[in-house]
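> coordinates only, no sequence provided:
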């Protein structure tokens, strides 16, 4: 029998008292003792209610080592990134690797692989695959239903997946950016229960009024938490904290604990904060995590106080997995998985011959996954359309990495590069190669570096190139968190030296090919208007 003493935070009774907890793998007893001198606080572990582990560029095991340092004992994760590359084998790779960590990872069955029929992915997960994952008890819920038009307009395969989830009594996660009114009501009526895409209180309240749970998201590219934080006061049992996509350097700095501390700093009630960061997710997803109640799993964290909120111990099932300085998890060999075809191209394949006086340009919105459609007047004296550094109009390229295909070329505003190019195979959701640069030579070199490594993030600056190799599906490194975080931060700085002014250049780049978030994106098959849900011409 083990014990821990200090200020016990009882989330269920909404009280804090001096006491001692006796535990094995379960909480055996709790005794109040006002004479205890320890000022430490013992409270339930934190939960990330929606995360794509692949976005950390780490394997589940390596991701968990960082999460546990931050007091995050569980996460609800959607492996649709690797599923888009490697299909069922990719999903099972994640589940198998996650079995090596004591962290409680709840995997969903990816609902949209590919995300739309308008792009080329490396795999297809149909309704029979979803049923297999549920039948064999490999997945706990149906992950975000990104194909909201398919729900609204009665796509047969989409609704079959939803029906299968209902058949197995599985929670269905949502993805409904800016959806409202009749369309939203129909989406929710299908049984979809959450949304992590809200960017305003008005949007969130409409969805809550229809019965949805709302996730307060703070990702590396979409900073929505502050816009929605007041919901902690009014609807703590209807909201959850999540990161969605968190790159390794951000993850290393802080995680859900950072969001908890921000809420504490803004004087929100500690019990409302913990409800949103732990209890709501546990209840909604039926997570097997403890809440410091007798007979619960002995899952808890110890922090120095409720102001600094520094995690000094993390315990899962009665075993300390972080002691304040070291993560106590055994090392393990890592197998690799990938799906990569090299499409050989030349600078000629990147040329765009002018046929009009204006073009449709993707305009980046800083710190958001949303973009705008921008009309740009071009120089009609040129036969070809080139990047224009002065106007911040740069060429963007998406190149298929699964089958033989031509490069898809467009233009983008907001990266502010003055020289060189950046590229990578993290390109939601099909994860083809995406590149942005000021000239065709730099773009081509960046693409070729990615291809040489069969997955990487690359910065090209003249004759120099810098990269982070991603041998696991072109999405994840086989190195540890410290290495990946350092190298990724260095790459981001190299991109900034090229002139990029974005907070997260590679995270933003990764979402410029995501055809389910408005307004204008570029896929491997062309320029796509998300609002119309159809391809449009580059030139007007």
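Received, thanks. These figures come from a predicted structure and were not determined experimentally.

> end to end, how far does stretch 183-199 reach?
One end of stretch 183-199 to the other measures 18 Å (Cα to Cα, to the nearest Å).

> could you do stretch 517-532 as well?
Taking Cα to Cα, the span from the opening residue of stretch 517-532 to its closing residue is 12 Å.

> what about residue 324, how many residues close to it?
Number of residues near residue 324 (other Cβ atoms under 10 Å) recorded here: 13. Where C-beta positions appear, they are placed from N, C-alpha and C, glycine not excepted.

> residue 357 now?
Neighbourhood size, residue 357 [other Cβ under 10 Å]: 11.

> with adjacent residues omitted, what lies nearest to it?
The shortest distance from residue 357 to any residue that is not its chain neighbour, by Cβ to Cβ, 6 or more residues apart in numbering, is 5.3 Å, and that residue is residue 380.

> confidence score at that neighbour?
At residue 380, the predicted lDDT confidence score is 77.

> gap between the most centrally placed residue in the chain and residue 520?
The central residue of the chain, meaning the one whose C-alpha is nearest the mean C-alpha position (Cα atoms, centre = their mean), is residue 245 at 2.1 Å. For residue 245, the distance to residue 520 (Cβ to Cβ, to the nearest Å) stands at 20 Å.

> what do you get for residue 498?
The separation that residue 498 has from residue 520, given Cβ to Cβ, amounts to 23 Å.

> got any ranges where the stretch 1-150 of the chain has weak pLDDT?
Residues of the stretch 1-150 of the chain meeting the criterion pLDDT under 70: none.

> so where do the strands sit in it?
In order along the chain, the stretch 1-150 of the chain carries the following strands (DSSP state E, counting those that start in this stretch): 2-10, 15-23, 27-32, 41-43, 46-51, 72-77, 104-109, 141-145.

> looking at those strands, which is nearest to residue 224?
strand 46-51 (12.3 Å; Cβ to Cβ).

> helices along the stretch 401-540 of the chain, start to end?
440-453, 481-497, 505-510 (DSSP state H, counting those that start in this stretch).

> residue 319 is nearest to which of the ones you listed?
Counting by Cβ to Cβ, residue 319 lies closest to helix 481-497 out of the helices of the stretch 401-540 of the chain; the figure is 20.6 Å.

> that closest one: which residues count as buried?
By neighbour count, with 16 or more other Cβ atoms under 10 Å as the criterion, the buried positions of helix 481-497 are 481, 484, 485, 487, 488, 489, 491, 492, 494, 495, 496.

> my read: the second one touches residue 468, true?
Think residue 484. Yes. Assessed by Cβ atoms under 8 Å, residue 484 is found in contact with residue 468 at 6.9 Å.

> now tabulate the strands of the stretch 1-150 of the chain in CSV and tack on mean neighbour count and distance to residue 388.
Formatted as CSV, the entries for those read as follows, by neighbours: other Cβ atoms under 10 Å; distance: least, Cβ to Cβ, whole Å:
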stretch, mean neighbour count, distance to residue 388
strand 2-10, 18, 56
strand 15-23, 17, 60
strand 27-32, 15, 64
strand 41-43, 23, 54
strand 46-51, 28, 38
strand 72-77, 27, 41
strand 104-109, 24, 43
strand 141-145, 27, 37
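
> can you lay out those strands as JSON lines showing distance to residue 540?
Listed next are the strands of the stretch 1-150 of the chain as JSON lines, based on distance: least, Cβ to Cβ, whole Å:
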{"stretch": "strand 2-10", "distance to residue 540": "59"}
{"stretch": "strand 15-23", "distance to residue 540": "62"}
{"stretch": "strand 27-32", "distance to residue 540": "65"}
{"stretch": "strand 41-43", "distance to residue 540": "57"}
{"stretch": "strand 46-51", "distance to residue 540": "38"}
{"stretch": "strand 72-77", "distance to residue 540": "42"}
{"stretch": "strand 104-109", "distance to residue 540": "41"}
{"stretch": "strand 141-145", "distance to residue 540": "33"}
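
> how far does stretch 475-488 sit from the chain's center?
On the basis of Cα atoms, centre = their mean, to the nearest Å, the separation between the geometric centre of stretch 475-488 and that of its chain is 16 Å.

> picking up where we left off before, quick one: which of the helices of the stretch 401-540 of the chain is nearest residue 31?
Among the helices of the stretch 401-540 of the chain, helix 481-497 comes nearest to residue 31, with 38.0 Å by Cβ to Cβ.

> so what's residue 212 up against?
174, 188, 192, 193, 194, 195, 238 (Cβ atoms under 8 Å, 6 or more residues apart in numbering).

> of all those residues, which comes closest to residue 511?
The shortest separation between residue 511 and any of these is 17.2 Å, and it belongs to residue 195 (by Cβ to Cβ).

> the closest one: how many residues sit nearby?
Residue 195 has 27 neighbouring residues, counting by other Cβ under 10 Å.

> again, but for residue 85
When neighbours are counted by other Cβ under 10 Å, residue 85 registers 30.

> now it: how far from residue 100?
Counting by Cβ to Cβ, the gap from residue 85 to residue 100 is 21 Å.

> for residue 526, same thing?
According to Cβ to Cβ, residue 526 and residue 100 sit 41 Å apart.

> for residue 316, find the nearest of the strands of the stretch 1-150 of the chain.
Once Cβ to Cβ is applied to those, the stretch that comes out nearest is strand 72-77, at 5.5 Å.

> quick one: strands adjacent to that closest one?
Neighbouring strands of strand 72-77 in its sheet, by DSSP bridges, are strand 46-51 (parallel), strand 104-109 (parallel).

> list of residues touching the first one?
So the one you mean is strand 46-51. 67, 70-78, 144, 173, 194, 196, 215, 217, 240-246, 255-257, 260, 277-278, 280-282, 284-285, 287, 289, 301.

> buried sites along stretch 350-362?
350, 352, 354, 359, 360, 361, 362.

> which one of the residues you listed is nearest to residue 399?
residue 350 (9.5 Å).

> got a list of what the nearest residue to the closest one once chain neighbours are set aside touches?
Nearest residue to residue 350 in three dimensions, chain neighbours excluded: residue 440, at 4.5 Å (Cβ to Cβ, 6+ apart). Residue 440 is in contact with 347, 350, 351, 395, counting by Cβ under 8 Å, 6+ apart.

> for residue 473, same thing?
54, 81, 82, 85, 86, 90, 93, 337, 338, 339, 431, 455.

> ok, the residue nearest to the centre of the chain touching residue 221?
Yes. Taking contact to mean Cβ under 8 Å, the distance of 6.6 Å between residue 245 and residue 221 places them in contact.

> what's the overlap in contacts for those two?
Between them, residue 245 and residue 221 share the contacting residues 507, 510, judged by Cβ under 8 Å, 6+ apart.

> let me see the backbone angles for residue 361.
Dihedral angles of residue 361 (phi, psi; degrees, to the nearest 10) stand at phi -120, psi 140.

> so what's it closest to, chain neighbours aside?
Here the residue nearest residue 361, using Cβ to Cβ, 6+ apart, is residue 374, at 4.3 Å.

> which secondary structure state is assigned to that neighbour?
Secondary structure state of residue 374, per DSSP: H, G, I helix; E, B strand; the rest coil, is strand.

> so how far is residue 282 from it?
According to Cβ to Cβ, residue 374 and residue 282 sit 44 Å apart.

> got it, and residue 225?
In this structure, residue 225 and residue 282 are 20 Å apart, going by Cβ to Cβ.

> higher neighbour count, those two?
More neighbours sit around residue 282 than around the other of residue 225 and residue 282, counting by other Cβ under 10 Å; the figures are 22 against 19.
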